[in-house]
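Student: take a look and give me a structure for this.
(one chain, ligands or ions: 2)
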Amino acid sequence: MCMPSSHPRRLRAKDTTDTMGLLLKLIVASLGIFLALYFYTGQDDFNPEMLRGKRVIVTGASSGIGEQMAYHLARMGAHVFITARTEEKLKKVVSKCLELGAATAHYIPGSMDDMAFAERVVKEAVKSMGGLDFLILNHIGYTYFNYFDGNVDHIRKLLEINLLSYVTMTVTALPMLKESGGSIIVVSSVAGKYGSPFSVPYSTTKFALDGFFSSLRQEFHFQKTNVSITLCVLSYIDTDSAKNAVASVINAPAAPKEECALALIKGGALRQREVYYQYQAAKIPLLLRDWAPDFLDYIVRKNYNVEKIDKQ
Ligand SMILES: NC(=O)C1=CN([C@@H]2O[C@H](COP(=O)(O)OP(=O)(O)OC[C@H]3O[C@@H](n4cnc5c(N)ncnc54)[C@H](OP(=O)(O)O)[C@@H]3O)[C@@H](O)[C@H]2O)C=CC1
Ligand SMILES: C[C@H](CCC(=O)NCCS(=O)(=O)O)[C@H]1CC[C@H]2[C@@H]3C(=O)C[C@@H]4C[C@H](O)CC[C@]4(C)[C@H]3CC[C@]12C
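Tutor: Ligands and ions are numbered 1, 2, ... in the order given. As a prediction, the model looks like this:
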């Protein structure tokens, strides 16, 4: 009887390990290709004509990404209705929108810590434009970029501006959006998808937006409500307020606000459930969140010059 020697058996075990390794690499590569195709497809079907004559509200449009969205919409021939607190800035944005080709452009100044104002914005916009196709929720209240200071009242106030005014505007706008088969675009952040140091109150409000709008989207399916909800997950964008707040602390480049604004409008017009901008900075790290959360936390922390915060 011939007993197989231990050597060939070891070789067979090594062959099996090599094959498994190769298979694993193939699976990971195919998954990568599949995800890349899945998340990139759709954007190409966009045509700026989709926005011509559409009636759009943009909040937080006196500066930054909101202002840039207003300009893109104006170039596309939309009716633009903008809001924020600073009237002087809003006036300038409205006149530039008209120069760029907006069908109409109007503004209403006020603060989103007042829910009666949030409701009024929608009602005035509908009166002025004769209906509503897109509700773009983009504004945020002032917050600090530093260690959590224990101030519960700040979190409560920020929740009113960053979350409850979004909810109020959605509730008020829903009948008109149902009528037009319209869309809600909600501007959020990677800080609303994973834990972010020095942004505790801000991150709290952005996670809450995901809870509200992702759950509402589920109910829309059951109710056959033809209103799309696009949640926009942004990485660091080069707006003045973001750069002022974090430039010395974050070791990552900021993406251009003009391109970002266009990506959000495209995603909304195509009725995508989520937009990630910039894709590699916002989406790729998230692939780790459920499978390697400690590793993701470590990568996130690596982006911070924490000594700059400690010295402040
Ligand atoms: N820039 C970035 O790196 C990132 C931004 N985002 C998100 O993008 C969106 C826009 O950010 P960004 O353009 O950088 O911000 P900006 O600071 O440039 O713009 C914020 C807007 O909100 C308005 N606003 C502030 N406070 C209030 C208030 N109490 N009531 C009503 N409006 C208010 C501001 O105008 P006014 O002061 O005149 O009221 C301004 O128009 C936000 O939702 C933010 O979370 C997400 C990830 C990254
Ligand atoms: C702290 C920012 C809030 C904006 C603000 O109130 N600025 C006023 C400063 S000023 O008065 O001097 O002008 C945050 C707004 C957007 C945040 C960034 C974001 O959402 C993306 C990244 C998320 C990550 O988790 C943390 C870093 C971010 C770049 C984050 C930083 C804080 C904001 C700029």
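
Student: list the residues that contact Ile265.
Tutor: Neighbouring residues of Ile265 by CB atoms under 8 Å, 6 or more residues apart in numbering: Leu51, Met69, His72, Leu73, Met76, Ile185. The C-beta positions use only the backbone N, C-alpha and C, and glycine is treated the same way.

Student: please report how far Lys302 lies from ligand 2.
Tutor: The spacing between Lys302 and ligand 2, counted by CB to the nearest ligand atom, to the nearest Å, is 12 Å.

Student: does any part of the host helix or strand of Tyr298 sit near ligand 1?
Tutor: For Tyr298, the enclosing helix or strand under DSSP states H and E is helix 293-302. No: using CB under 6 Å from any ligand atom, helix 293-302 never reaches ligand 1; the gap is at least 14.0 Å.

Student: got the buried residues for that helix?
Tutor: Of all the residues in helix 293-302, those buried under the rule 16 or more other CB atoms under 10 Å are Leu296, Asp297, Val300.

Student: so which of those residues comes closest to Val122?
Tutor: Nearest to Val122 among the buried residues of helix 293-302, counting by CB to CB, is Val300 at 36.2 Å.

Student: one step back: tell me which of the contacts of Ile265 fall in strands.
Tutor: Ile185 (DSSP state E).

Student: would you point out the most distant pair within the contacts of Ile265?
Tutor: Met76 and Ile185 (14.3 Å).

Student: and the strands in this protein?
Tutor: 55-59, 79-84, 104-109, 134-137, 183-189, 228-234, 274-277.

Student: circling back: mind putting the contacts of Ile265 into a markdown table with distance to Pro197 and neighbour count?
Tutor: Output for the contacts of Ile265, formatted as a markdown table (distance: CB to CB, whole Å; neighbours: other CB atoms under 10 Å):
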| residue | distance to Pro197 | neighbour count |
| --- | --- | --- |
| Leu51 | 38 | 25 |
| Met69 | 29 | 30 |
| His72 | 33 | 22 |
| Leu73 | 35 | 29 |
| Met76 | 38 | 24 |
| Ile185 | 28 | 24 |
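
Student: how about TSV for the contacts of Ile265, with pLDDT and distance to Ile284 added?
Tutor: Below are these laid out as TSV (pLDDT from 0 to 100; distance: CB to CB, whole Å):
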residue	pLDDT	distance to Ile284
Leu51	98	29
Met69	99	25
His72	98	26
Leu73	98	29
Met76	98	30
Ile185	99	23
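
Student: show me the shaky parts of this structure.
Tutor: For the chain, the stretches flagged by pLDDT under 70 are 1-17, 19-24, 26-44.

Student: all helices for it, in order.
Tutor: Secondary structure of the chain by DSSP state H: the helices cover 6-40, 64-75, 87-100, 115-129, 152-159, 165-180, 200-223, 240-246, 257-269, 279-282, 293-302, 306-311.
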